[in-house]
Each structure stands twice: as structure tokens, then as C-alpha cells.
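[1] Quick one: sequence plus predicted model below, questions after.
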Amino acid sequence: MKIGSYQLKNRVLLAPMAGITDKPFRRLCAHYGAGLTFSEMMSTNPQVWHTEKSQLRLAHSDDLGINAVQIAGSDPLEMAKAAAINVEYGAEIIDINMGCPAKKVNRKLAGSALLQFPDLVENILREVINAVNVPVTLKIRTGWDKSHQNCVQIGKIAEQSGIQALTIHGRTRECLFEGEAEYDNIRAVKQAISIPVIANGDIDSAQKAKSVLDYTGADAIMIGRAALGNPWLFQQVVGFIEHDSMIQPPGLSEKCGQILHHIQELHEFYGEQKGYRIARKHVAWYLQGIQPDSVFRQTFNTISHPKEQLVVLEEFFNSILDREKC
């Protein structure tokens with residue numbers, strides 16, 4: 001699959017997720033096969049562009065592959081300026097967020113709230129595309145609510161405006177993350193436009209990825225929440241849909257080693273004052289897939305020193321591995 005002039009490694013993408021898809025997590029998902037990873041959502045408010053938080057979100061390295069940055073806002077000119085600034089900072093693909101359902105985003109008429117105003121959507125897309133010389137992509141939902149599912153209309157506007165690829169999360173804004181994803185709507189959009197369509201929503205296994213691709217006719221799939229605590233999912237999905245091969249997940253020893261390395265990278269990336277707090281949520285996600293243990297999680301969440309986190313976590317993993325050998 002290509003986005004503009006960029007040839008992707010495969011058709012399995014990591015979704016942009018605020019507070020999650022930082023450089024350490026994107027690196028881990030890329031290591032396990034994600035064909036493209038997106039940065040966390042960047043605000044178009046110029047007052048925050050030079051803050052530490054924004055600079056961390058822009059962090060990129062060559063081993064991550066193509067540098068794709070997502071922006072969110074509602075003012076066409078501000079969006080265009082933000083896109084141009086991000087390209088100056090090294091963005092190779094600009095993704096526009098019109099899918100975020102968060103209230104604090106929607107209150108500013110950004111994210112999925114924009115789907116209520118097709119004319120504004122078109123203005124934003126055209127301004128951003130005209131402002132940069134890199135491919136621009138768009139991420140949407142199927143509509144604002146069940147009574148206003150206008151994803152086909154938005155898809156046609158995107159294509160006519162010059163958007164290079166369209167990602168559709170198969171839910172309305174009203175649905176948030178409840179219920180099942182609406183693959184019928186993704187299929188309808190794919191049949192209505194010719195630009196690449198990326199299917200998103202509830203893709204949590206290799207088999208599900210293949211069935212979604214087959215049913216919708218989408219060009220690629222995007223994995224979001226299912227990757228939390230489970231970055232090796234990409235390896236399995238890529239193996240199945242690209243090579244028709246069932247790849248077993250890594251063994252427990254490899255998983256534990258990668259988790260420890262990820263936590264250490266978080267400490268280094270965010271620094272001692274913030275890294276240990278970011279690590280807590282990732283450890284909770286990892287434990288769900290390895291050994292749910294509420295007592296250990298509570299103990300781990302009281303630790304406020306990075307080195308102690310690593311020591312305690314390694315001891316916990318060693319105890320699990322020792323039991324597995326018995």
C-alpha cells in the first residue's frame with residue numbers, strides 16, 4: 001500500500017492514541033511489524049507548540065520508518081499553519097483528526113464534532129493540503145450519531161479535496177467505544193471512493209483483521225486499543241494477512257524482556273519525574289495478558305522511583321518464569 005509517494009512496509013497500521021503512541025511505544029510496535037505508526041494528536045494551538053509535552057510528541061527516529069504526525073483543531077488557517085510547522089519539524093505525512101470522541105476535544109469543535117459540518121471539513125482539508133508538500137490523510141468516524149452517519153459524504157469530500165488515504169473508525173461519536181464496529185459503513189465508503197481506505201475498530205486478532213479486510217474491501221487495517229499490552233499482535237496480523245502464516249506470539253521470556261526494555265525506555269524518554277508514572281498504565285496493560293495480579297499492580301503503583309520499578313518488575317517476572325519451568 002502507498003500513501004502518496006510513500007510505500008508502506010505492510011497493511012497493518014498503529015492508530016494514533018493520545019497519551020499512548022509516544023516514541024517508545026511506536027518503536028516497540030514497529031519492531032513487531034507495524035507498517036506505519038502515528039504520533040499522538042498534536043494541537044493546532046500555537047501557544048503549546050513549544051511546550052515540553054508537544055516536543056515529546058514530535059520525537060521521532062529513523063527506526064520508526066515514515067514520520068506520520070496527527071493534528072487536531074477546527075480553524076482551517078490554524079490547521080494549515082500547524083501542518084506546515086510539523087513538516088518543518090520533520091513530519092512526512094500529516095494526518096487530520098476528525099474522529100476523536102473526547103468531550104474536551106469536541107467542545108472546541110475539533111475531532112469528530114467536525115463531522116457535523118461538511119463545509120468546514122472541506123475548508124480544513126483544502127487549507128491543510130495547500131499548505132504542505134507531503135501527503136495528507138484523514139481519520140474519521142462513521143458520523144456524529146446514528147441519525148447522522150455521513151461517512152460516505154465525508155469520504156467523497158476527502159477524495160475531491162486531495163486527501164491521500166482515509167481511515168474510518170467504525171463507530172459514531174455518540175457510540176464512543178461501545179457496541180460493535182460498523183463494517184458495513186466502511187465497506188460503503190470503500191465502494192464510493194478510489195483513494196486508499198483504512199479500516200479501524202475492534203480489530204484484535206489476525207483472524208479478525210483478515211475478515212475485516214475481506215468484508216470491507218479496505219486497503220489496510222489500523223489497530224488501536226488491542227495493541228495496549230499486546231504490541232506483538234502486529235507480528236501475528238502481518239503474518240496472517242500478508243503471508244497466510246499463523247505466527248505464534250513470543251514466549252513469556254521474550255515478552256518479559258521486551259516489557260522491561262519498554263519501561264526503561266519510558267524512564268529515559270520522559271525523565272525520572274514523569275517516566276515512572278507513564279510506566280504504571282503500560283504495566284497494568286501488560287499484566288492483563290501475562291498474569292493479572294491486582295496485589296502486585298497495587299504495589300507497583302506505589303513505587304515512585306524508576307530503578308525500583310525495574311527491580312520489582314524483574315523480580316515479579318522471574319518468579320513467573322521460575323514457576324513456568326517447574
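    Good, I have the coordinates. Residues are numbered from 1 along each chain as shown.

[2] contacting residues for Leu266?
    Going by CB atoms under 8 Å, 6 or more residues apart in numbering, Leu266 touches Asp22, Pro24, Gly275, Ile278, Ala279, His282. C-betas here are computed from N, CA, C, even on glycine.

[3] so what's the third one closest to, chain neighbours aside?
    Computed as CB to CB, 6 or more residues apart in numbering, the closest residue to Gly275 that is not its neighbour in sequence is His267, at 3.8 Å.

[4] What residues sit buried inside the helix or strand harbouring Leu260?
    Here Leu260 sits within helix 252-270, counting by DSSP states H and E. Of all the residues in helix 252-270, those buried under the rule 16 or more other CB atoms under 10 Å are Lys255, Cys256, Gln258, Ile259, His262, Ile263, Gln264, Glu265, Leu266, His267, Phe269, Tyr270.

[5] right, and the helix or strand after it?
    Following helix 252-270 in sequence order, the next helix or strand is helix 272-290 (DSSP H and E).

[6] Could you figure out how far that next one is turned away from helix 252-270?
    Relative orientation of helix 272-290 and helix 252-270, computed by axes from the mean of the first three to the mean of the last three CA atoms, to 10 degrees: 160 degrees.

[7] residues in contact with helix 272-290?
    22, 25, 228-230, 252, 255-256, 259, 262-263, 266-270, 293, 296-297, 300-301, 303-306, 309, 313, 320.

[8] Can you give the distance of the following helix or strand past that helix from its chain's centre?
    Past helix 272-290, further along toward the C-terminus, the next helix or strand under DSSP H and E is helix 294-301. Distance of helix 294-301 from the chain centroid (CA atoms, centre = their mean, to the nearest Å) equals 27 Å.

[9] same for helix 294-301, what does it pack against?
    With contacts defined as 3 or more CB pairs under 8 Å, 6 or more residues apart in numbering; DSSP states H and E, helix 294-301 has these neighbours: helix 272-290, helix 306-325.

[10] Show me which positions of that helix end up buried.
    Neighbour counts over helix 294-301 (16+ other CB under 10 Å) mark Phe296, Phe300, Asn301 as buried.

[11] okay if I get the residues you listed as CSV plus pLDDT and distance to Val69?
    Conversion of these to CSV gives the following (pLDDT from 0 to 100; distance: CB to CB, whole Å):
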residue, pLDDT, distance to Val69
Phe296, 92, 36
Phe300, 94, 32
Asn301, 95, 31
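
[12] tell me which of the residues you listed is nearest to Ile94?
    Checking the buried residues of helix 294-301 against Ile94 with CB to CB, the nearest one is Asn301 at 36.7 Å.

[13] Neighbours of Gly162, how many?
    In terms of burial, Gly162 registers 14 neighbours under the definition other CB atoms under 10 Å.

[14] oh, I was asking about His31
    His31 has 17 neighbours, counted by other CB under 10 Å.

[15] Can you give me the separation between it and Phe25?
    When distance is defined by CB to CB, to the nearest Å, His31 is 11 Å away from Phe25.

[16] which residues do the two both contact?
    Shared between the contact lists of His31 and Phe25 (criterion: CB under 8 Å, 6+ apart) are residues Pro231.

[17] what's the following helix or strand after the helix or strand of the chain with the lowest mean pLDDT?
    Lowest mean confidence among the helices and strands of the chain (mean pLDDT, DSSP states H and E): helix 52-58, at a mean of 58. Scanning forward in sequence from helix 52-58, with DSSP H and E defining helices and strands, the next element found is strand 68-72.

[18] what comes into contact with that following strand?
    Counting by CB under 8 Å, 6+ apart, the neighbours of strand 68-72 from elsewhere in the structure are 16, 36-44, 58, 79, 82-83, 86, 91-97, 100, 105, 110-111, 128, 137, 139.

[19] For stretch 262-277, give the mean pLDDT please.
    Per-residue pLDDT values over stretch 262-277 give a mean of 94.

[20] Can you measure across it, start residue to end residue?
    One end of stretch 262-277 sits 14 Å from the other (CA to CA, to the nearest Å).

[21] In three-state terms, how would Leu13 be classified?
    Going by DSSP: H, G, I helix; E, B strand; the rest coil, the secondary structure assigned to Leu13 is strand.

[22] isn't it right up against Ala30?
    No. Using CB atoms under 8 Å, Leu13 is not in contact with Ala30; the gap is 10.7 Å.

[23] Now for those two: what residues contact both?
    In the contact map built from CB under 8 Å, 6+ apart, the residues linked to both Leu13 and Ala30 are Thr37.

[24] okay, those two: which has more neighbours?
    In terms of neighbours (other CB under 10 Å), Leu13 is the more surrounded of Leu13 and Ala30; the figures are 26 against 20.

[25] so the more buried one bridges to which residues?
    Leu36, Met222 (DSSP bridges).

[26] can you tell me which residues contact it?
    Ala34, Gly35, Leu36, Thr37, Phe38, Thr167, Ile198, Ala220, Ile221, Met222, Ile223.
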